[in-house]
Structure formats: C-alpha cells, structure tokens
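J.: this one's structure only:
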C-alpha cells in the first residue's frame, strides 16, 4: 500500500508508518481484493491439476471410460496429446545422445545435440502425426454421420492416449540410462498403437454403437487407410523438400 501523503509503501496497516496519515479505504480494499484474486487463482490451478491427475488415473485403470468423455474434457485431451508428443520427443533426443556416446567408443568427450533445435523439430514432426490421426478420425466420423463434434473427438482421443503417454515417460527413463533396445521397443509400440490402432478402435467403437453399426468395420478399415495415405503424402512432401534443399546446397559448388 502507498501512503497518499508521503508516498511511503508498506504491506499492511490502516495508517502510514512514516507520517501517520490514514490510508484510504479504497487502497486497503484494492489490496485485499488483489490478494483474494491471487489466492483464488492458486486454488483454481491446484484444482485443475488435481482434476487432470484424477482423470488420468481413471483412464489408466479403465481406458474404455475415455469413450464417455464429453467436450468438457477438451482441454485435458489437448494437454495429454501435447504431453504425449513432448515425452516422445525427449525420448528420441536422449536416445540420440546415447547413441552418439556409444559411437565414440569412449574416445574423447562426445558432443551433445543442441537441445532446443533438435527436440523442437522432433516435437513438430511427432505432433503432425497426432494431427494426421485426428484428421482421419474426423473425416471418417463425418462420413459415417456419427454424433460427435470435433471437441469431443479431441477429448476422447486424448483420453485414450493417456496410457501411451505413460509408456513414453518410461521410454524417457530408458533413454536417459542409454538402454537403446528397450527405448526403441517402447517408442515403436507407443507410436503404432497411439497413432494407428487407437484411431481405428475409436471409429469401430462409435460406429458399432450408432445407427451406422453395419458400417463400423468398413469405417475402421477406412480410418487405417486414410492415416496411411496422409502419412505417406506428408513424408513424401518432406522428403522432396529435403532433396530440393540438398540440390540447392550442392548447386553452389557448380561452376
């Protein structure tokens, strides 16, 4: 609080500790309101964290509960998908550093890959995979006329990914310890199930429990095909772009 007379600042009290002037009620009230706001914000954040933790435990114990999540779980779904991608990226980064260390055969101090530059690229590529799987689910959902909006799809898909987020966290620990085989097995299983089999299961379950029940099998197969095509065209585009960059680099040496 600041005294309106001498401009002295103090944390509490109704009178100035320097000149003795009464502090205005508005100043005291505003400080109290600010304190209540901060405390309330802290409680809200703690409550949200606890809710996220409780829901995550539920999806770990009973994964099929994810199919009952409404669009109110959109924020948790997005958070889980981002955390899944982050854990996957860190696993790849630490694994790459472990492989570099092994390849030096103990001669000299191995150079570590730049953390932000490397991990951010892996994160982007990994997240693109998540987006492609979500896109396939949304496309097939619209074709099958399922009663799901985009926010519900993200919420439920994120909930279904929760167990594989845990797998990625375990992979991070193996990568840090330099256990290459275990890390690759965990990441391979996580990637194939989370980005391929879970979307197929998602469509089959919702299709089987809807009016489009007779098309549930074909919807699931169609989802796998769409994911495969989207992934193929994305990496083909990336490969062509990389080849163009390499050609541009070497063209500078031509005379």
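T.: That came through, no problem. None of these values were measured; they are calculated from a predicted model.
J.: so which bits of whichever helix or strand residue 204 is part of are buried?
T.: In the assignment (DSSP states H and E), residue 204 maps to helix 198-208. Residues of helix 198-208 classed as buried by neighbour count (16 or more other C-beta atoms under 10 Å): 198-207. In short, each C-beta sits where N, CA and C put it, glycine included.
J.: closest to residue 129 among those?
T.: Checking the buried residues of helix 198-208 against residue 129 by C-beta to C-beta gives residue 199 as the nearest, at 11.0 Å.
J.: wait, that closest one sits on residue 139?
T.: No: shown here, residue 199 and residue 139 do not form a contact pair, counting by C-beta atoms under 8 Å, at 10.5 Å.
J.: the strands in the protein, which residues?
T.: For the chain, strands defined by DSSP state E do not occur.
J.: how about low-confidence regions in the stretch 51-200 of the chain?
T.: The model of the stretch 51-200 of the chain has pLDDT under 70 over residues 102-111.
J.: what's residue 217 in contact with, if anything?
T.: residue 204 (C-beta atoms under 8 Å, 6 or more residues apart in numbering).
J.: tell me how far it lies from residue 196.
T.: Residue 217 sits 17 Å away from residue 196, taking C-beta to C-beta, to the nearest Å as the criterion.
J.: quick check, central residue of this protein?
T.: residue 82 (0.6 Å; C-alpha atoms, centre = their mean).
J.: distance of that one from residue 143?
T.: Relative to residue 143, and taking C-beta to C-beta, residue 82 is found at 28 Å.
J.: pull out the buried positions in stretch 166-186.
T.: Residues of stretch 166-186 classed as buried under the neighbour-count rule (16+ other C-beta under 10 Å) are 166-169, 171-172, 174-175, 179, 183-184, 186.
J.: so what's residue 205 up against?
T.: Taking C-beta under 8 Å, 6+ apart as the test, what residue 205 contacts is residue 67.
J.: okay, it and residue 192: tell me how far apart.
T.: Taking C-beta to C-beta, one finds residue 205 at 19 Å from residue 192.
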